[in-house]
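A.B. asks: All I have is the shape, not the residue letters:
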């Protein structure tokens, strides 16, 4: 049985042996939509793996040659529709290219015609494909790309969110009817009660900034704990914690511990640097099978731990250096090197730890 890893991989072209490695170590893979042969091979090697294709809800990319695109509506198709009427524009009529992402053009997600075409295109493309569904990127909460609202058709971020919610609902309903799932990249769901549950209702949700924005700026304990219900679904929860790209960065086990304590090992987990989606990120702890929980989450004051049939996890969400927490550790466990675990461990702020049973 493989572990709980998510292979978030939609950057550079595939390298030799990556598919075999992924089949051995990951539960979920996200590929580029044209990597159909790779998806088919992963499903052959691991029929139980969930393999998703990347699609963007909010933009089209003018640099992509096709014939398969990361967008639901390609740039050429959008140009041909009513003389480019589906491109979002500023108040002066100029199109909106995303800041920091050249060649990404904001689309009128509030336009019903655009939404219908997005759904029709994506469902038609996936209906007979080996992909299990779609990871729909840029289900945004706020203006992250320099739209500088208001623009014609979108007065504020709330209107943008509503339009994307309508698109997610329509796409999820249609994909489910075709036997596929939809897993949106649901930005900042913690800021709107019910947002995660509603947008993840069609197969799951992806949280790209779980527990922090970057390796240094992790969330305060109240903010971190507001995200914890996302680990429990609905559907497939894919949770990514930020690191500096080093797979032994302490954030790797910090997030993985919380993933187990509050998600019981369901879903899939990854820890990467910003936009570092071309590698096979991995730490041996991803393969650990902690099994069914023996207890509910224990603790308080932003430090939590939980015992499982196959191991133990603990996490300290406090970020004040004076708020270390001593946590009792059950007997009979070992660390990643196979050494006996101590009877207790002092968790530094924003750190986590996992131990396993020797036979797990």
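C.D. replies: Sure thing, it's come through. If you're wondering where the values come from, they're calculated on a predicted model, not measured in any experiment.

A.B. asks: what's around the nearest residue to residue 202 once chain neighbours are set aside, how many residues?
C.D. replies: Closest residue to residue 202 apart from its sequence neighbours, by Cβ to Cβ, 6 or more residues apart in numbering: residue 172 at 2.7 Å. For every residue, glycine as well, the C-beta is placed using N, CA and C. Close neighbours of residue 172, defined as other Cβ atoms under 10 Å, add up to 25.

A.B. asks: can you pull the pLDDT of residue 172?
C.D. replies: For residue 172, the pLDDT comes out at 98.

A.B. asks: quick check, it in a helix?
C.D. replies: Yes: according to DSSP: H, G, I helix; E, B strand; the rest coil, residue 172 belongs to a helix.

A.B. asks: give the contact list for it.
C.D. replies: 182, 201-203 (Cβ atoms under 8 Å, 6 or more residues apart in numbering).

A.B. asks: Dump those residues into JSON lines; add pLDDT as well.
C.D. replies: Shown next, in JSON lines, are these (pLDDT from 0 to 100):
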{"residue": "182", "pLDDT": "98"}
{"residue": "201", "pLDDT": "98"}
{"residue": "202", "pLDDT": "98"}
{"residue": "203", "pLDDT": "98"}
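
A.B. asks: In strands, which of those residues fall?
C.D. replies: residue 182 (DSSP state E).

A.B. asks: Most neighbours among the contacts of residue 172, please name it.
C.D. replies: residue 182 (29 neighbours).

A.B. asks: Identify the residues contacting residue 355.
C.D. replies: So, once contact is read as Cβ under 8 Å, 6+ apart, residue 355 ends up touching 311-313, 329, 333-335, 341.

A.B. asks: tell me what the host helix or strand of residue 29 is packed against?
C.D. replies: In this assignment (DSSP states H and E), residue 29 forms part of strand 26-31. On a contact count with 3 or more Cβ pairs under 8 Å, 6 or more residues apart in numbering; DSSP states H and E, strand 26-31 meets strand 5-8, helix 36-45, strand 50-56, strand 236-242, strand 268-272.

A.B. asks: What helices and strands are in contact with the shortest one?
C.D. replies: Looking back up the chat, that one is strand 5-8. By 3+ Cβ pairs under 8 Å, 6+ apart, strand 5-8 packs against strand 26-31, strand 236-242, strand 268-272.

A.B. asks: Now do residue 196 against residue 356, distance only.
C.D. replies: Using Cβ to Cβ, to the nearest Å, residue 196 is found at 30 Å from residue 356.

A.B. asks: Could you pull out the helices in the protein for me?
C.D. replies: Under the criterion DSSP state H, the chain contains helices at 18-25, 36-45, 75-80, 112-126, 157-177, 195-199, 221-227, 250-263.

A.B. asks: any chance of these in JSON lines, plus distance to residue 212?
C.D. replies: As requested, the helices of the chain are arranged in JSON lines below (distance: least, Cβ to Cβ, whole Å):
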{"stretch": "helix 18-25", "distance to residue 212": "24"}
{"stretch": "helix 36-45", "distance to residue 212": "30"}
{"stretch": "helix 75-80", "distance to residue 212": "34"}
{"stretch": "helix 112-126", "distance to residue 212": "31"}
{"stretch": "helix 157-177", "distance to residue 212": "22"}
{"stretch": "helix 195-199", "distance to residue 212": "17"}
{"stretch": "helix 221-227", "distance to residue 212": "8"}
{"stretch": "helix 250-263", "distance to residue 212": "7"}
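
A.B. asks: Thank you, goodbye.
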